[in-house]
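Visitor: Predicted model follows, preceded by the sequence.
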Amino acid sequence: MSKNDFFNEIEHSEVPWRQYRLHVPVFYQDIGFMSVSILAPMERILDILPSNRLKPYRITPWNAALSITAYQYRESDLGPYNEVSISIPVTIDEETPLFTGSLRKMPKVPLVYSLHLPVTTEIAWEVGVDFAGYPKFIAEIEFTEEANWWICELSADGKNVLKLSGRKLNPRKVPRYRVNPITFRRGYLLRSEFVISEREMGNSGRNEDVKLEIGDHLISDELRELKLGRVLGYQFCPQAQGILTPVFESFEAN
């Protein structure tokens, strides 16, 4: 697939907004990312969700999951920027079967509630908050490489939030993928869609392939209080493309 094949024949409308001229949907021409899913106590996850309509995945009878994904958007309609997503895989209204995400497969198009979404540029922050209620804020997010590891360090307000280090796994070809981000704004749950292109990606369920170090920020304290457990899965993707839609569905939160 050439660089432009993923976007062919998709209407890409220009939208004036503030001092900018945006394009909808948002095209991401060059992305690298790594993601880890971690076991977390169900009762602690339920405490931080904004609506009782959101049902965390039942990984075990007592545990849900938390996902942390570090994105390096090297080229996009919003310019280059970095982002860290801290999210919770959920469904709306109907609980998942037991062992979803462990012994059972996840839904084909998963929903994830966005808990925190720090970014490195003002336009990414403003657009995300205004258009979809994403919980974005400006932060420092730096990627480095060390031997066979890819490292992302997230800092905000002069404090370290977290450091995510992932092994650069040998990738294999994987198909196109969709995920529905869920946000909360003014009493409503909002749903968008992020489509990720066919790509090469490495997967692992081994704790030794990924390391999470929690810092001294308020978000760090929140993560520490979740009493995170073992790694459920780790993904490393050196290059992909993506399309982010506007909000296309809303639900009353209660």
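Guide: Noted; the coordinates are in hand.

Visitor: Can you pull out the low-pLDDT segments for the protein?
Guide: Scanning the chain for pLDDT under 70 picks out the ranges 1-3.

Visitor: can you tell me which helix in it is longest?
Guide: The single longest helix within the chain, with elements called by DSSP state H, is helix 122-132.

Visitor: quick one: contacts of whatever helix or strand comes next after that helix?
Guide: Under the assignment DSSP states H and E, the closest C-terminal helix or strand after helix 122-132 is strand 136-138. Around strand 136-138, the neighbours that count as contacts under Cβ atoms under 8 Å, 6 or more residues apart in numbering are His116, Leu117, Pro118, Val119, Thr120, Thr121, Glu122, Ala124, Trp125, Gly128, Val129, Ala156. All C-beta spots, glycine's among them, are computed from the backbone N, C-alpha and C.

Visitor: Could you do stretch 5-22 as well?
Guide: Outside stretch 5-22, the residues that touch it by Cβ under 8 Å, 6+ apart are 23-25, 27, 29, 77-78, 123, 126-127, 130, 197-198, 241, 243.

Visitor: Relative to the whole chain's centre, how far out is that stretch?
Guide: 22 Å (Cα atoms, centre = their mean, to the nearest Å).

Visitor: rewinding a little: return a ChimeraX selection command for the buried portion of the contacts of stretch 5-22.
Guide: Here is the ChimeraX selection string for the buried members of those, based on 16 or more other Cβ atoms under 10 Å:
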select :24,25,27,29,77,78,123,126,127,197,241,243
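
Visitor: Just the contacts of stretch 5-22: which are in strands?
Guide: Using DSSP state E, the members of the contacts of stretch 5-22 that fall within strands are His23, Val24, Phe27, Gln29, Gln241, Ile243.

Visitor: among those, which two are most distant?
Guide: Within the ones in strands among the contacts of stretch 5-22, two members stand farthest from each other by Cβ to Cβ: Val24 and Gln241, at 16.7 Å.

Visitor: how close does the spatially most central residue of the chain sit to Val112?
Guide: Relative to the mean C-alpha position of the chain, the nearest C-alpha, by Cα atoms, centre = their mean, is the one of Ser85, at 4.0 Å. Using Cβ to Cβ, to the nearest Å, one obtains 8 Å as the distance from Ser85 to Val112.

Visitor: what residues are shared contacts of these two?
Guide: Taking Cβ under 8 Å, 6+ apart as the contact criterion, the common neighbours of Ser85 and Val112 are Ser67.

Visitor: which SS state does Glu43 fall under?
Guide: Of the three states, Glu43 takes helix under DSSP: H, G, I helix; E, B strand; the rest coil.

Visitor: what's it in contact with, if anything?
Guide: Remark: with contacts taken as Cβ under 8 Å, 6+ apart, Glu43 is in contact with nothing.

Visitor: Kindly reformat the ones in strands among the contacts of stretch 5-22 as a markdown table containing distance to Ile10.
Guide: Below are those laid out as a markdown table (distance: Cβ to Cβ, whole Å):
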| residue | distance to Ile10 |
| --- | --- |
| His23 | 11 |
| Val24 | 11 |
| Phe27 | 8 |
| Gln29 | 13 |
| Gln241 | 12 |
| Ile243 | 7 |
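
Visitor: Now Leu223. Its backbone dihedrals?
Guide: According to degrees, to the nearest 10, the main-chain angles of Leu223 amount to phi -60, psi -40.

Visitor: same question, Asp47
Guide: Dihedral angles phi and psi of Asp47 (degrees, to the nearest 10) take the values phi -70, psi -30.
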